[in-house]
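S.K.: Can you look at this prediction? I've put the sequence above it.
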Amino acid sequence: MSDKKIHEDQKYIEGLLENNSFIIQAIYNKFVPKVINYVKQNSGDSDQAQDIVQDTIVTIYNQAKNKGLQLTCPFDAYFFLLCKRKWLNTLKKNNKKEVTINEEVLSKGDSAHELAIETALFSEKQALFNEMFQKLGTACKDLIKATFKIKSMEEVAASLGVTYAYARKKKSLCIGQLTKLVQESPKFKQLNY
Amino acid sequence: MEDQDYILFDSYINNELSETEILAFKNRLKTDKVFAENFNLYKEANLFLKNKFENEAETSAFKNNLKSISNTHFKTTKTKTERPKHSKFFRLGQLAIAASVAVFLGLFIYNQVFSKPGYTDYNTHEPMTVVRGNVKTLIEATKAFNNKDYKKANTLLKQVLEKDPENSELQLYYAITNIELDNFTIADMQLKALINGQSAYKNRALWYAALSKLKQNSNDVSIMLLKQIPEGADDYKEAQRLLDKLE
């Protein structure tokens, strides 16, 4: 992606990262009405559209924060594709029939499509990690939380009442355990690992 | 993977290996496919956890802000689009009345459309009543403000604020005098602080920030600010009226 030019709409991504209310408001004013229409035309209502939009913005925020998202296409196309994908997934889950899929002018090869797929994949991976993290034992969860919040392993060990060497080793094994759970999940293969 | 492999992954990620160990590690990544795959997944898990817990507070602040903007947005679009449905006859009746009234309203609407709203249509400020503390300068400032001597009020308020910088009421009135005097940078900065704060003047600050932008002819920004004024705020109705004119 590094060889592609960054689109001027990157300002929206930066605005989200700064938690800039004006930018968020601008996204709602400019790009959300189209999503609401789409959801309403495809067996949804305004409340459902609100959830889809909110989820999508959080996904974009997370990707920007964690992976330095760089927009190579207009925000409008990227955002709409993501919302649309999310809505279609919701419909699939709820087993609702008759989805009018209005395939847009966008063809599969364009950068909005590529970027939307990348973001969607990122979001599904995050969801999988999250789900598996919840399955870890309490001791592992507490240790991992403490490790990333406190940062100094000495303090972590002291706060949990264990030795430094034990905390150090246990942390690696707990993260290892998390990767094992992820690998064993049926979703893992679907996510192109 | 064996336990020691995970320990090795972690040491590598945290830069705790010696040069020879790093070389051996990199070699194994090249030759052992399973080892490399597992390492990549470990790295990904590590990054995921790092972001999840290190950015927790920031992410939750973002989500809260997003939620409140989203709620306001959806509330206003709903009230705009979802009007109560009436019977056909009632609607026909309404149409007939509307048609006859339209003639009389013609001139009025003409005026509304062709004379764009400006700051001076809205700068009737609530009189200043801050006399707490009985400070002489403050009383002078209040008098000046209420007599529309904004230059004098501005100077005096600035002095009072130096002694009482956290007073949000004074901050608001100081900002108003700055709008009046076209000191927009100071006014907008002061109002932004109030908007982001938790004082009782939060929403009124939004209203004045919108008026400031109106005076600066930045109608788009003004619209954005007006839309953030929640229902129930003192200036909500006035804000909606101005919005209708601007949009």
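M.R.: Arrived safely.
S.K.: Point me to the residue of chain A nearest chain B.
M.R.: Nearest residue of chain A to chain B, counting by CB to the nearest CB: A:Gly176, 3.3 Å away. Glycine gets a C-beta too; all of them are placed from N, C-alpha and C.
S.K.: Do a quick rundown of the strands in chain A.
M.R.: Per DSSP state E, chain A carries no strands over any range.
S.K.: how about B:Glu2, phi and psi?
M.R.: Dihedral pair for B:Glu2: phi -90, psi 160, per degrees, to the nearest 10.
S.K.: what's around it, how many residues?
M.R.: A count of nearby residues for B:Glu2, using other CB atoms under 10 Å in any protein chain shown, gives 8.
S.K.: Could you measure from it over to chain A?
M.R.: For B:Glu2, the distance to chain A (CB to the nearest CB, to the nearest Å) stands at 9 Å.
S.K.: surely the residue of chain A closest to chain B meets B:Tyr42?
M.R.: Yes. In this structure A:Gly176 lies within contact range of B:Tyr42 using CB atoms under 8 Å: 6.8 Å.
S.K.: okay, and the common contacts of the two?
M.R.: Counting by CB atoms under 8 Å, 6 or more residues apart in numbering or on different chains, the contacts common to A:Gly176 and B:Tyr42 are B:6, B:9.
S.K.: which residue packs closest to the residue of chain A most remote from its centre, ignoring adjacent ones?
M.R.: For chain A, the largest distance from the centre (CA atoms, centre = their mean) belongs to A:Thr163, which lies 35.9 Å off. Closest residue to A:Thr163 apart from its sequence neighbours, by CB to CB, 6 or more residues apart in numbering or on different chains: A:Ala157 at 6.0 Å.
S.K.: again with A:Lys34
M.R.: Nearest non-adjacent residue to A:Lys34, counting by CB to CB, 6+ apart: A:Phe80, 6.0 Å away.
S.K.: got a list of what the residue of chain A closest to chain B touches?
M.R.: B:1, B:3, B:5-6, B:9, B:42.
S.K.: got a winner among those for most neighbours?
M.R.: When neighbours are counted by other CB under 10 Å, B:Phe9 leads these with 25 neighbours.
S.K.: Quick check: that residue vs A:Tyr164, distance?
M.R.: According to CB to CB, to the nearest Å, B:Phe9 and A:Tyr164 sit 19 Å apart.
S.K.: Might you list the low-confidence residue ranges for chain A?
M.R.: Residue ranges of chain A with pLDDT under 70: A:1-3, A:95-109, A:192-193.
S.K.: please redo it, this time with the cut-off set to 50
M.R.: Scanning chain A for pLDDT under 50 picks out A:1-2, A:97-107.
S.K.: in it, which spans are helices?
M.R.: A:10-17, A:21-41, A:46-67, A:75-94, A:111-135, A:138-150, A:153-160, A:164-184, A:186-190 (DSSP state H).
S.K.: Quick check: which of those helices is nearest to B:Asn65?
M.R.: Nearest to B:Asn65 among the helices of chain A is helix A:21-41 (6.3 Å), distances taken as CB to CB.
S.K.: Now do that closest one and helix A:10-17, the angle between them.
M.R.: For helix A:21-41 against helix A:10-17, the angle between stretch directions is 100 degrees (axes from the mean of the first three to the mean of the last three CA atoms, to 10 degrees).
S.K.: buried residues in helix A:21-41?
M.R.: By 16 or more other CB atoms under 10 Å in any protein chain shown, the buried positions in helix A:21-41 come out as A:21, A:23-28, A:31-32, A:35-36, A:38-39.
S.K.: can you narrow the residues you listed to ones near chain B?
M.R.: Residues of the buried residues of helix A:21-41 in contact with chain B (CB under 8 Å from any CB of the partner chain): A:21, A:24-26, A:28, A:32, A:36.
S.K.: show me the residues around B:Ile13 that make contact.
M.R.: Neighbour list for B:Ile13: B:42-43, B:46 [criterion: CB under 8 Å, 6+ apart].
S.K.: meant to ask about A:Asn19, not that
M.R.: B:58, B:61-62, B:65.
S.K.: quick check, nearest of the residues you listed to chain A?
M.R.: Nearest to chain A among those is B:Phe62, at 4.8 Å by CB to the nearest CB.
S.K.: domains for the chain, by residue range?
M.R.: With no chain named, the answer covers chain A. Per automatic domain parsing, the structural domains of chain A span A:10-120, A:136-190.
S.K.: Switch to chain B, please.
M.R.: According to automatic domain parsing, the domains of chain B span B:3-54, B:120-246.
S.K.: State the distance from the residue in chain B that chain A sits nearest to to A:Lys141.
M.R.: Residue nearest to chain A within chain B: B:Tyr6 (3.3 Å; CB to the nearest CB). When CB to CB is the yardstick, B:Tyr6 and A:Lys141 sit 17 Å from each other.
S.K.: A:Ala112 too?
M.R.: Going from A:Ala112 to A:Lys141 by CB to CB gives 38 Å.
S.K.: cool, and A:Thr90?
M.R.: According to CB to CB, A:Thr90 and A:Lys141 sit 29 Å apart.
S.K.: Any buried residues in the helix or strand harbouring B:Ser68, and which?
M.R.: Following DSSP states H and E, one finds B:Ser68 within helix B:56-81. Buried residues in helix B:56-81, counted by 16+ other CB under 10 Å: B:59, B:62, B:66, B:69-70, B:72-74, B:76-77.
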